[in-house]
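[1] can you look at this prediction? I've put the sequence above it.
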Amino acid sequence: MSVEVSPSIRRSDLDALRSFAMMLGIGLHAAMAYIGAGWMINDEPPVHLLGLFVAGVHGFRMPLFFLLSGFFTAMLWHRRGLGGLVSQRATRILLPLAIGCLTILPAMGLATRWAFAEQSARTSRAATSASPTATKDIWTAAATGDAAAFRTHATGSGQLNAQDPILGVTPLGWTALMGTPEATRLLLELGADPNALYRDGNTPLHTACFFGRADVAERLIKAGADLSITSKAGERPVDSLQHNKQTTEFIAGMVKVSIDFEEVTAGRERIRALLDIASATRTPVSTPHETTGDGTNAWLSLMKRWVKAGVGGTFFQHLWFLWFLCWLNAGFAAVVCFSRVVPHARLPKSLVSMPLCLLWLVPLTMVPQHFMHLRGAVPGFGPDTSIGVIPMPHVLLYYAVFFGFGALMFIAGGQDARVGRFWWVWLLLSLLILPVALMLEYNPVKASTIIESQAARTVASNLLQVLFAWLATFGVLGLCESLFAASRAWVRYLSDSAYWLYLTHLPLVIAGQVLLSRVEMPTMAKFTVLLIGCVLVLLASYHVAVRRTFIGTMLNGPRPR
């Protein structure tokens, strides 16, 4: 089943496809507040359909974008030469990135702080109004400090050290999350193990250190909490004291915990003194909780140091894709220069034909995918996001595979290199794979009944995530080729505006999420109002202030009137 190419691919088709990927990104970010977790503000009640939309779009959107960018880069090099390519990329990518860092990112910072403050206030109100009689399991009882309830749940149930089914946190961990030291004391008296591990290898002491819960930490240390346990992310409890305000507030928002960072900082200082005293009075002991041997922690520790050093931090926010394009275009230019000193070889079209290309693309992509989400230490679907000054190697390599394949498509087949045939087959297969891949990643209990071995589940999850990315990418490519086959003025207009819309949308989206969180209306209605409202406002700003100005010329080149 090899590719039957279409007559020729026009630049307008390519722009429309890349614009589609950007518009999907606006929808993804608009939906993030309504899926229950993972965003700076989480509105209630969550909509599981939107969670499925977010996971699916995240799994293929940026792979599609970088594949198209690679194709366009090779096309541009073919038409203008290396000098023309570098000049055009500097104008259309590097310059907008520099301007965005001075304008869009500060606005993003203000919107984010507003969202965190609103989320913290919402969490406080929810905690105040929570009813102790509503504690239906031991983890909820521990989080709310309902002593009678967790005594009932703990008696004879074997759940004192059990991991909750969502986050994989123990009951003691929930007392550390919520800062309920009396509940910590009672659980310890009932026999809870202070060193019982979470799913990600953390312990209650890690959590107490991270959130500055000094009273909880003191009780855990007195109960014999191990100071040297290393989590799957390569952190000891003392390392959890180092995280900055943005990371702490982001994690607090994800788990819906209300914090004041000044209080967190004061609590961490108390905990540091407690740890110093405990370290001085204890004899170091190697515990069975410590991980060893396969190099996993070495890699994860490197990633942690990467973030703490600032190069892997949160500098570029949603503009990271422009920075990645700078790196990938530099890599393309290096390959072009190298190819001038080696014998030329003609690439066969079969190398980029579907489905034969999957035989080498899937194994190659599985290599960087293996390192995503701290090598499986934290549940996650699709690629990581690297928004620091120096990209995380596995993330850059992952997108380089898609970018490189896009370039190979042009080099092997020129403007006739299309993979749109049988797009409905690839799209259907990707939709069938998605729920299975999500189950393997987010529902370990159910997954273990299907695949008993943890190692086998990890490989299967890796394989399905990569297959989904490629099949969805090819399926959407073919679908868009069919939809955009005829030239339409409105498609061209949206293609021109999409770059501006995506660069500037996130501060407006976050502000809209904060305002709508104060309104009583169905969640899907909020999402719809937010998405349509933001797009209309941004389109108006594009039409009035961008399209016929130097900004429009910088982003899209000169447009005829």
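    Here it is on my side, so go on. Numbering: from 1, shown residues only.
[2] what's the longest helix in this protein?
    In the chain, ranked by residue count with DSSP state H as the criterion, the top helix is helix 48-89.
[3] what helices or strands is the helix or strand just after it leaning on?
    Sequence order places helix 95-129 as the next helix or strand after helix 48-89, per DSSP states H and E. Judged by 3 or more C-beta pairs under 8 Å, 6 or more residues apart in numbering; DSSP states H and E, the packing partners of helix 95-129 are helix 245-254, helix 320-339, helix 489-516, helix 550-556. Where C-beta positions appear, they are placed from N, C-alpha and C, glycine not excepted.
[4] hey, which of those is tucked in deepest?
    Mean neighbour counts were taken over the helices and strands packed on helix 95-129 using mean count of other C-beta atoms under 10 Å, and the top value, a mean of 20, falls to helix 489-516.
[5] and that one with helix 320-339, angle?
    130 degrees (axes from the mean of the first three to the mean of the last three C-alpha atoms, to 10 degrees).
[6] and the angle for helix 489-516 with helix 95-129?
    Using the same axes, to 10 degrees: helix 489-516 against helix 95-129 is 40 degrees.
[7] please state the offset of the helix or strand following helix 489-516 from the chain centre?
    Using DSSP H and E, the helix or strand that follows helix 489-516 in sequence is helix 523-545. Counting by C-alpha atoms, centre = their mean, to the nearest Å, helix 523-545 is centred 23 Å from the centre of its parent chain.
[8] give me the contact list for helix 523-545.
    With contacts defined as C-beta atoms under 8 Å, 6 or more residues apart in numbering, helix 523-545 is touched by 26-27, 30-31, 34, 43-47, 50, 497, 500-501, 504-505, 508-509, 512-513, 516, 519, 521, 551-552.
[9] how does it look with 7 Å?
    26-27, 30-31, 34, 43, 45, 47, 50, 497, 500-501, 504-505, 508-509, 512-513, 516 (C-beta atoms under 7 Å, 6 or more residues apart in numbering).
[10] could the C-alpha coordinates of it be exported in PDB?
    Written as PDB, here are the backbone C-alpha positions of helix 523-545 (Å, rounded to 0.1, in the frame of the first residue of the first chain):
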ATOM      1  CA  THR A 523     -18.600  23.900  31.600                       C
ATOM      2  CA  MET A 524     -18.900  23.200  27.900                       C
ATOM      3  CA  ALA A 525     -20.700  26.500  27.500                       C
ATOM      4  CA  LYS A 526     -17.700  28.200  29.200                       C
ATOM      5  CA  PHE A 527     -15.300  26.500  26.900                       C
ATOM      6  CA  THR A 528     -17.300  27.400  23.800                       C
ATOM      7  CA  VAL A 529     -17.700  31.100  24.900                       C
ATOM      8  CA  LEU A 530     -14.000  31.300  25.700                       C
ATOM      9  CA  LEU A 531     -12.800  29.800  22.500                       C
ATOM     10  CA  ILE A 532     -15.100  31.800  20.200                       C
ATOM     11  CA  GLY A 533     -14.700  35.000  22.100                       C
ATOM     12  CA  CYS A 534     -10.900  34.800  22.100                       C
ATOM     13  CA  VAL A 535     -10.600  33.900  18.400                       C
ATOM     14  CA  LEU A 536     -13.000  36.800  17.400                       C
ATOM     15  CA  VAL A 537     -11.000  39.300  19.600                       C
ATOM     16  CA  LEU A 538      -7.700  38.100  18.100                       C
ATOM     17  CA  LEU A 539      -9.000  38.100  14.500                       C
ATOM     18  CA  ALA A 540     -10.200  41.700  15.000                       C
ATOM     19  CA  SER A 541      -6.800  42.800  16.300                       C
ATOM     20  CA  TYR A 542      -5.200  41.000  13.400                       C
ATOM     21  CA  HIS A 543      -7.400  42.700  10.800                       C
ATOM     22  CA  VAL A 544      -7.100  46.200  12.300                       C
ATOM     23  CA  ALA A 545      -3.500  46.300  13.700                       C
END
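[11] list the buried residues of that helix.
    Buried residues in helix 523-545, counted by 16 or more other C-beta atoms under 10 Å: 523, 526-527, 530-531, 534-535, 538-539, 541-542.
[12] distance check, residue 240 against residue 110.
    28 Å (C-beta to C-beta, to the nearest Å).
[13] out of these two, which sits in the more crowded spot?
    Neighbour count, other C-beta atoms under 10 Å: between residue 240 and residue 110, residue 240 has more, with 23 against 12.
[14] I'd like the distance between that one and residue 187.
    Distance from residue 240 to residue 187, by C-beta to C-beta: 20 Å.
[15] same question for residue 72.
    Taking C-beta to C-beta, one finds residue 72 at 58 Å from residue 187.
[16] also residue 213?
    14 Å.
[17] show me what contacts residue 33?
    By C-beta under 7 Å, 6+ apart, the contact set of residue 33 is 39, 41-43, 513.
[18] ok, now with 8 Å
    39, 41-43, 513, 517.
[19] closest to residue 66 out of these?
    residue 39 (23.9 Å; C-beta to C-beta).
[20] which non-adjacent residue is nearest the closest one?
    In this structure, residue 39 finds its nearest non-sequential neighbour in residue 32, 4.1 Å apart by C-beta to C-beta, 6 or more residues apart in numbering.
[21] same thing with residue 18?
    residue 68 (4.9 Å).
[22] that neighbour and residue 405 touch, don't they?
    No. At 10.6 Å, residue 68 does not count as touching residue 405 under the criterion of C-beta atoms under 8 Å.
[23] how close does residue 144 sit to residue 191?
    The gap separating residue 144 from residue 191 is 21 Å, by C-beta to C-beta.
[24] neighbour-wise, which of the two wins?
    residue 144 (21 against 9).
[25] mind checking pLDDT for the more buried one?
    Listed pLDDT for residue 144 reads 74.
[26] need the three-state assignment for residue 41.
    Three-state call for residue 41 (DSSP: H, G, I helix; E, B strand; the rest coil): coil.
[27] do the same with the one 5 residues further on
    Judged by three-state DSSP, the three-state class of residue 46 is coil.
[28] against residue 478, how distant is it?
    Going from residue 46 to residue 478 by C-beta to C-beta gives 33 Å.
[29] state the helix or strand in which residue 226 lies.
    Per DSSP H and E, residue 226 falls between elements, in no helix or strand.
[30] hmm, it is touching residue 203, no?
    Yes. Applying C-beta under 8 Å, one finds residue 226 in contact with residue 203, separated by 7.3 Å.
[31] the more surrounded of these two?
    A direct count of neighbours by other C-beta under 10 Å for residue 226 and residue 203 places residue 203 higher, at 28 against 21.
[32] returning to what we had before: among the contacts of residue 33, who's most crowded?
    residue 513 leads those on contacts (other C-beta under 10 Å) with 29 neighbours.
[33] tabulate the helices and strands packed on helix 95-129 (TSV), appending mean pLDDT and distance to residue 20.
    Converted to TSV, the helices and strands packed on helix 95-129 look like this (pLDDT from 0 to 100; distance: least, C-beta to C-beta, whole Å):
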stretch	mean pLDDT	distance to residue 20
helix 245-254	72	29
helix 320-339	93	15
helix 489-516	91	8
helix 550-556	87	16
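[34] need these in CSV with distance to residue 21, can you?
    Output for those, formatted as CSV (distance: least, C-beta to C-beta, whole Å):
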stretch, distance to residue 21
helix 245-254, 25
helix 320-339, 10
helix 489-516, 9
helix 550-556, 16
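[35] residue 410 is nearest to which of those helices?
    Across the helices and strands packed on helix 95-129, closest to residue 410 is helix 320-339 (C-beta to C-beta), at 11.2 Å.
[36] now the closest one against helix 48-89, angle please.
    Between helix 320-339 and helix 48-89, the angle comes out at 50 degrees (the same axes, to 10 degrees).
[37] now residue 201, what's its secondary structure?
    Assigned with three-state DSSP, residue 201 falls in the coil class.
[38] let me fix that: residue 209
    Once three-state DSSP is applied, residue 209 turns out helix.
[39] and it, what's its pLDDT?
    Looking at residue 209, its pLDDT is 91.
[40] one more: residue 305?
    Residue 305 is given a pLDDT of 50.
[41] now residue 225
    88.
[42] start the count at 614 instead of 1 going forward.
    Renumbered: residue one is now 614, and that last one reads residue 838.
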